[in-house]
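Asker: Attaching a predicted model along with its sequence, questions to come.
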Amino acid sequence: MAIYSHSKLSTFEQCRLRYKYRHIDKIKVIETTIEAFLGKTVHNTLEWLYIQVKQNKLPTIDELINYYSNNWTENYKDSIKIVKQNFTTKDYFNKGIKFIIDYYFKHKPFNDNTLEVEKKIIIDLNKDGKYKIQGYIDRLVHDLEKDQLEIHDYKTANSLPTKEKIEKDRQLALYSIAIKELFGNKKIILIWHYLAHNQKIVSQRTNKQLEELKKEITELIDEIESTTKFPPNKTILCNWCEYKSICPLFAHQRKLCEFQNKNNLNQENSQTKENCNLNNSNQEQEPEIKNNKEEMLDIW
């Protein structure tokens with residue numbers, strides 16, 4: 001029996017070498033990025049908020065901010081990597097504060113009948129146990145008025161996706177398969193909260209689309225299971241990759257840096273100085289962040 005996750009499948013599609021390092025060689029990397037840390041802390045805070053609401057306790061905005069601040073302070077480590085050199089830890093901390101405040105006042109008093117937060121789901125793709133998908137739903141809601149279920153997901157990325165990208169999104173669609181199996185053939189709405197824009201995007205899938213998705217995922221896993229070569233794929237995402245320091249695509253940068261350090265060469269105002277810093281980039285684009293219990297360090 002093989003158990004996969006949405007992020008595991010995406011890693012294979014985006015860079016096979018990273019997939020090999022993480023899921024086959026199981027190379028453990030402690031470092032994480034500030035974007036991933038921000039996403040995890042915001043998710044933890046919103047999870048706590050709805051747990052309190054389910055217990056008939058409505059936190060004040062000050063209590064919510066205090067929870068976020070304490071969670072940040074308790075878990076922050078100096079090893080957390082900041083890729084964008086023109087941003088500081090404080091910038092990201094304040095960004096999270098804005099996310100929390102905007103979300104709080106837009107959705108208060110949170111009486112949408114939330115059933116569960118961080119709900120674990122497992123999907124048997126073939127009904128024979130051969131391939132399974134595991135994941136965690138940020139929040140599951142039962143809209144009593146419309147008698148429909150809603151799968152909510154929080155996003156901390158800066159950019160809004162196109163309509164085409166949302167309609168092709170696999171993650172929440174996969175989760176809806178599991179929810180249909182648990183609750184029967186109810187109408188299921190997929191809702192993404194893009195916190196940087198204080199907006200939500202809504203979509204849904206037909207039963208036919210979900211069956212096609214199961215077939216596509218099964219074929220993808222068949223390909224993964226039969227793959228023997230894992231070449232690297234150089235993209236903008238390399239700047240956020242936890243394996244960049246051992247990736248063969250960047251070996252020349254490491255050798256150059258070692259040579260300069262050994263010979264005490266002055267790198268000021270030189271292109272080589274930038275090349276030596278494998279973990280920094282001035283790129284404005286950043287990957288979409290999704291942090292949950294299945295892949296805490298995953299930012300792709």
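Answerer: Arrived safely.

Asker: Please, where are all the strands along the protein?
Answerer: Taking DSSP state E as the criterion, the chain carries its strands at 2-4, 114-124, 131-143, 148-155, 188-194, 199-203.

Asker: buried set for the third one?
Answerer: Residues of strand 131-143 classed as buried under the neighbour-count rule (16 or more other Cβ atoms under 10 Å) are Tyr131, Lys132, Ile133, Gln134, Gly135, Tyr136, Ile137, Asp138, Arg139, Leu140, Val141, His142. (Glycine included, C-beta is placed from N, CA and C.)

Asker: From Leu49, how far off is Ile121?
Answerer: Distance, Ile121 to Leu49, using Cβ to Cβ, to the nearest Å: 21 Å.

Asker: Comparing those two, which shows the higher neighbour count?
Answerer: Neighbours were counted for Ile121 and for Leu49 using other Cβ atoms under 10 Å; Leu49 has more, 26 against 19.

Asker: For the closest residue to Ala178 other than its chain neighbours, name its beta-bridge partners.
Answerer: Leaving aside its sequence neighbours, Ala178 sits nearest to Ile121 (Cβ to Cβ, 6 or more residues apart in numbering; 3.8 Å). Beta bridges link Ile121 to Gly135, judged by DSSP bridges.

Asker: that older thread, with distance to Glu216 and pLDDT as extra columns, can I get the buried residues of strand 131-143 in CSV?
Answerer: Below are the buried residues of strand 131-143 laid out as CSV (distance: Cβ to Cβ, whole Å; pLDDT from 0 to 100):
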residue, distance to Glu216, pLDDT
Tyr131, 12, 95
Lys132, 16, 95
Ile133, 12, 96
Gln134, 18, 96
Gly135, 16, 96
Tyr136, 22, 97
Ile137, 21, 98
Asp138, 24, 98
Arg139, 26, 98
Leu140, 24, 98
Val141, 27, 98
His142, 29, 97
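
Asker: Go through these and name the one nearest Ile24.
Answerer: Nearest to Ile24 among the buried residues of strand 131-143, counting by Cβ to Cβ, is Tyr131 at 16.9 Å.

Asker: So the closest one sits against Ile221, correct?
Answerer: Yes - counting by Cβ atoms under 8 Å, Tyr131 touches Ile221, with 5.0 Å between them.

Asker: anything in contact with each of these two?
Answerer: Counting by Cβ atoms under 8 Å, 6 or more residues apart in numbering, the contacts common to Tyr131 and Ile221 are Ala2, Tyr4, Leu125.
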